[in-house]
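**Student:** sequence and predicted structure, then a few things I'm wondering about:
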Amino acid sequence: MDRNLSASAVSEQLGAFAATLRWEDIPPQVRTRARHLILDAVGCALAAGRFEFAARSLEAIAELAGKGDSAVIGQRLRLPLRDAVLANGILAHGLDYDDTHSEGIVHLTVSAFPTVLAVAADQDLKVEDLLGAYVVALEAGARLGAVAKGAFHQVGFHPTGVIGAFACALAAGRLYGLDGAQLAQAQGVALSVASGSLEFLEDGAWTKRLHPGWAGVGGIVAAALARRGFKAPRAPYEGRFGLYAAYLGSRSEGCDLSRATARLGEVWETMNVALKPFPACHFAHAFADAAIGLRRAGVDPAQVERITALVPEPIVKTVCEPAAAKRRPANDYDAKFSLPYVIAASLARGRFGLAELEDSALKNQEILDLAARVDYAIDPDSTFPRHYCGEVVVRMTDGRELRQREAVNRGAADRPLSNGDIVDKFMHNATYAVSSQRPHQVKEAILGMEEGAPARALADVLGER
């Protein structure tokens, strides 16, 4: 990693950007896309309310937190500010159906939006203040993730939890009125609270769901401390024990630190955030579409002898290993990170949605038999992480070999879901969980709320009264 930058140069540049970006500086198409990204995350949070992990999480948080005034999406529950951020992060990320910045390999909305929703409402700010801080978090977080070139996953860290703390520190600090120097300090504090382990991949544990909300909590704490003059390290990114050196070790030599501030305010990474058409790890999406395409082309699952997935090498640890466990996922969350299961279910049913994560699907013998026949090989033509590409090769019992490649995953910046597609996805997710009128009310609140409206009004709509 090139460290030929003055001490704390990156945190100072990001801090200055967060402090000085004006609402009118954000292009109209970015503002519109930001609202739609938020709508997508809220739909995911509403749908999540039906699942066991949501009930258990909310019970635990409420028991610890006591009474508060901050809204929880789709719930009558009100919590103290930081506890609401934690709860909303768990809900929005819990189905793993939320957006991803492909190059940074980081889920940003699910930490940034809970943070700005709670802080903007608490500070009696306007909806454009909320949205401006949200865009700051996405622009900074995407770049900070891109610096690592996928290395966080290779050493066992989940960048959503790690990078999210810095992005949320900037967003919360902006809403608290911090200047550039204070925002640089907030990032220094965030260095000591950023976290997120990938150990959940071993057994389908729920801990990944915790990461974005915890990042938001850490970011808020970092901003609050910096606001009161708390002294923090001056070089949280490029320092000897800074983010990349400490978390990545020798892999930090491959990082490109210039990416952290590249063309801030000129290129809008918000427009490069990928949306998910499937409720599974983004790395598996191209393979789901490929398997669905093969089924539609006439492949009979009963006549399949062997399936080979051509995968980008960096995703192997996440969705291909350990091989035996991936072929028989222990639960729905395990299945989201199982390439054999996603391919098998998509081929067997010609689709992959929330129904394919229910217990009946996880125990379906046809799907499990197909998953047992899935192997992988490294894709020599991968363009990862620019695209989460994938190819499925099926050998039939009659000796034929059929294949389908998805060179660009659907939903990526180069093959985006339209804003209309996002609305459709939101309505599907929201009506999965709430009454028929609520989705329209929520959609109008997010997409139609005028500038100058209080952020608290949005929070009140999202949290049931």
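**Tutor:** Yes, it's here.

**Student:** what's the residue nearest to residue 170 when sequence neighbours are not counted in contact with, if anything?
**Tutor:** Among residues not flanking residue 170 along the chain, residue 18 sits closest, at 4.4 Å (CB to CB, 6 or more residues apart in numbering). Quick note: C-beta positions are derived from backbone N, CA and C, even for glycine. The contact partners of residue 18, by CB atoms under 8 Å, 6 or more residues apart in numbering, come to 136, 140, 170, 171, 173, 174, 180, 183.

**Student:** let me know the distance separating the third one from residue 188.
**Tutor:** With the distance defined as CB to CB, to the nearest Å, residue 170 ends up 12 Å from residue 188.

**Student:** and if you look at the second one?
**Tutor:** For residue 140, the distance to residue 188 equals 14 Å [CB to CB].

**Student:** tell me the SS of residue 367?
**Tutor:** At residue 367 the chain is in helix, as set by DSSP: H, G, I helix; E, B strand; the rest coil.

**Student:** and it, how close does it get to residue 261?
**Tutor:** 46 Å.

**Student:** do residue 238 as well
**Tutor:** In terms of CB to CB, residue 238 sits 11 Å off from residue 261.

**Student:** return every residue with contacts to both of the two.
**Tutor:** residue 10.

**Student:** now the host helix or strand of the residue nearest to residue 170 - C-alpha only, CSV.
**Tutor:** For residue 18, the host element (DSSP states H and E) is helix 9-20. Written as CSV, here are the backbone C-alpha positions of helix 9-20 (Å, rounded to 0.1, in the frame of the first residue of the first chain):
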residue,chain,number,x,y,z
ALA,A,9,-4.6,12.9,4.7
VAL,A,10,-7.4,10.6,3.9
SER,A,11,-9.5,11.3,7.0
GLU,A,12,-9.0,15.0,6.5
GLN,A,13,-10.1,14.8,2.9
LEU,A,14,-13.2,12.7,3.7
GLY,A,15,-13.9,15.0,6.7
ALA,A,16,-13.8,18.1,4.5
PHE,A,17,-16.0,16.5,1.9
ALA,A,18,-18.6,15.5,4.6
ALA,A,19,-18.6,18.9,6.2
THR,A,20,-18.8,21.0,3.1
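
**Student:** ok, residue 121 - contacts?
**Tutor:** 70, 71, 454, 455, 456, 458, 459.

**Student:** what are the phi and psi angles of it?
**Tutor:** phi -70, psi -40 (degrees, to the nearest 10).

**Student:** show me where the stretch 201-350 of the chain has helices.
**Tutor:** Taking DSSP state H, counting those that start in this stretch, the helices of the stretch 201-350 of the chain run over residues 211-227, 243-248, 285-296, 316-319, 323-327, 332-336, 339-349.

**Student:** about what we covered before: who has more neighbours, residue 170 and residue 188?
**Tutor:** residue 170 (33 against 26; other CB atoms under 10 Å).

**Student:** A helix includes that one, no?
**Tutor:** Yes - assignment of residue 170 by three-state DSSP places it within a helix.
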